[in-house]
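A.B. asks: Here you go, sequence then predicted model.
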Amino acid sequence: MLRVDVAKQLGEFTLEASFESQGRVTGLFGASGAGKTSLVNMIAGLLRPDRGTIAIDGETLDDTAKGIHVPVYRRRIGYVFQDARLFPHLDVRQNLDYGRRMNHLADDDAQRQRVTELLDIGHLLDRRPGKLSGGERQRVALGRALLSKPRLLLLDEPLGALDEGRRAEILPYLMRLRDEARVPMVYVSHDAAEMRQLATQIVLLKGGRVTSVGGVKVLTG
Amino acid sequence: MLDITPTEWTAILLSLRVASVATLIATPIGIGLAWLLARRDFWGKSLLDALVHLPLVLPPVVTGYLLLLALGRRGFLGEFLADHLGIVFAFRWTGAALACGVMSFPLLVRPIRLSIEAVDQKLEQAAETLGAMPWQVFFTVTLPLALPGVLAGMVLGFAKAIGEFGATITFVSNIPGETQTISSAIYSLIQTPDGDTAALRLVVVSIVIAVAALIGAEWFSRRATQRLHGN
């Protein structure tokens, strides 16, 4: 379970968000500029809240009153960025293996096999990110995050940089991920159709505030 | 074709040794400083930046003299190092390496700093979310991506160290076999009657070394850049 109750001043913009989520896929929905990315960055630990708390499965990650701020690298929260951010000097295989190496996890060939099959990236292993299409890059980024064995996966508009055709190509992988990977996800998007297909719970964000939380039907409200 | 005498060989080999040692020791220090200047904000940062660049703008003879005052046998640091650690710089080839290292330092640091600044910090963030601690991020992402700049800095530093003259001769003098580099050997030969042909031989040698270093740098940085762009 993810509990977020934070406040952050970003220039003129005030972000004051509070929600709890239990769902497999929590959809963070709102127009651009609503504060979605800032909120996700705070959950990842990349951005520090001015005030408030963030906790996951009962473990406090941020508590400004107690001076707690768990550093990014100890949170075990995977993050798939809109721009993939694959390491350009490593091939796909090394990119996928990066999280395992950094966390000193044992080599898990079965898991690697599962993830490469799930995302259909087995034929890309020897390529460099520079030689991948946008959709392939995003799938590898997903695999890289999954293989670091996170307890939560943040996806910040992973389809945002792709054209219509590519989106349709990736969406099924995300749905398989939701149904098979067993990692709770926070999925950020401003696309209601995507949300309806993926999210099990919606957090509606408007102008830096949470306006409603609930099932997919809050999207029509 | 080039009839290089044993004394001239001594000067050439000494120059290569002095410049290599200077570059190899200056590089890790330079990488650390370049990273600090590129990625951290701290009190006294502009002062440190100015200090790194000082040898570039000071007359070399001033830098050499300051080294002599500090690290000469009667210098406050030199005396301490000699008495307690047995390290002597004055009139030794190690002193020449130190002078060359100091003089080439600004040229070494600058390309490294620029290339670290050019590394996308978003990639560093991505590495952190995958569990990499800050030092791991540095060694697995920042440094490999900044490698072309590191190599460029090393070559520039090496080339500068090979050609260094003023600070070296001021600090450790011009002793054949110990502190006489190619530059100071040429200087001595020009002052000697009939030294012209020998001086010209060394001039040719230094041109060859300089050109080889530049070609090598070009080759390395092209390979490193290719590596980074995934070809």
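C.D. replies: Okay, I see it.
A.B. asks: so where do the strands sit in the chain?
C.D. replies: By default, I'm working from chain A. Using DSSP state E, the strands assigned to chain A run over residues A:2-10, A:13-21, A:25-29, A:51-56, A:59-63, A:68-69, A:77-80, A:152-156, A:185-189, A:201-206, A:209-214.
A.B. asks: tell me the angle of the first one relative to strand A:59-63?
C.D. replies: An angle of 10 degrees separates the directions of strand A:2-10 and strand A:59-63 when computed by axes from the mean of the first three to the mean of the last three CA atoms, to 10 degrees.
A.B. asks: Nearest to chain B, out of the strands of chain A?
C.D. replies: strand A:77-80 (4.1 Å; CB to the nearest CB). Any C-beta I mention is one placed from the backbone N, CA and C, and that applies to glycine too.
A.B. asks: Could you spell out the sheet neighbours of that closest one, each with its direction?
C.D. replies: strand A:152-156 (parallel) (DSSP bridges).
A.B. asks: List the buried residues in the strand it pairs with.
C.D. replies: Of the residues in strand A:152-156, A:152-156 count as buried by neighbour count, 16 or more other CB atoms under 10 Å in any protein chain shown.
A.B. asks: swap in stretch B:64-80?
C.D. replies: Judged by neighbour count using 16+ other CB under 10 Å, the buried positions of stretch B:64-80 are B:64-68, B:71-72, B:75, B:78.
A.B. asks: do the same with stretch A:64-84
C.D. replies: A:64, A:70, A:72-73, A:75-84.
A.B. asks: what about it, distance to the chain center?
C.D. replies: Here stretch A:64-84 is found 11 Å from its chain centre; the criterion is CA atoms, centre = their mean, to the nearest Å.
A.B. asks: Output it as CSV - backbone C-alpha positions only.
C.D. replies: C-alpha atoms of stretch A:64-84 as CSV (Å, rounded to 0.1, in the frame of the first residue of the first chain):
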residue,chain,number,x,y,z
THR,A,64,9.7,15.8,7.0
ALA,A,65,8.6,16.2,10.7
LYS,A,66,11.0,13.4,11.7
GLY,A,67,13.6,14.4,9.2
ILE,A,68,13.4,11.1,7.4
HIS,A,69,14.3,11.0,3.7
VAL,A,70,15.3,7.6,2.4
PRO,A,71,17.7,8.1,-0.6
VAL,A,72,16.6,7.2,-4.0
TYR,A,73,18.9,4.2,-4.3
ARG,A,74,17.6,2.6,-1.2
ARG,A,75,13.9,2.9,-2.0
ARG,A,76,13.6,-0.1,-4.3
ILE,A,77,11.1,1.8,-6.5
GLY,A,78,11.4,1.2,-10.2
TYR,A,79,10.9,4.2,-12.5
VAL,A,80,10.1,4.1,-16.2
PHE,A,81,10.6,7.6,-17.6
GLN,A,82,8.9,9.1,-20.6
ASP,A,83,12.2,9.3,-22.4
ALA,A,84,13.4,5.8,-21.5
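A.B. asks: returning to what we had before: take the buried residues of stretch B:64-80 and lay them out in TSV including distance to A:G27.
C.D. replies: TSV is the format used below for these (distance: CB to CB, whole Å):
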residue	distance to A:G27
B:G64	68
B:Y65	70
B:L66	65
B:L67	65
B:L68	70
B:L71	66
B:G72	72
B:G75	69
B:G78	69
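A.B. asks: now, which of the residues you listed sits nearest chain A?
C.D. replies: Checking those against chain A by CB to the nearest CB gives B:L67 as the nearest, at 38.9 Å.
A.B. asks: Pop out the phi and psi values for the closest one.
C.D. replies: Torsion angles at B:L67 (phi, psi; degrees, to the nearest 10) stand at phi -60, psi -40.
A.B. asks: Now do the contacts for it.
C.D. replies: By CB atoms under 8 Å, 6 or more residues apart in numbering or on different chains, B:L67 lies in contact with B:89, B:95, B:98-99, B:102, B:167, B:170-171.
A.B. asks: which ones among the residues you listed are found in helices?
C.D. replies: With DSSP state H as the criterion, helices contain B:95, B:98-99, B:102, B:167, B:170-171 from among the contacts of B:L67.
A.B. asks: Which one (most neighbours) among those?
C.D. replies: B:A99 (32 neighbours; other CB atoms under 10 Å in any protein chain shown).
A.B. asks: Check the contact between that residue and B:E164; I expect there is one.
C.D. replies: Yes - with contact defined as CB atoms under 8 Å, B:A99 reaches B:E164; the gap is 6.6 Å.
A.B. asks: any idea how far B:L14 is from chain A?
C.D. replies: 38 Å (CB to the nearest CB, to the nearest Å).
A.B. asks: Perfect, I'm done here.
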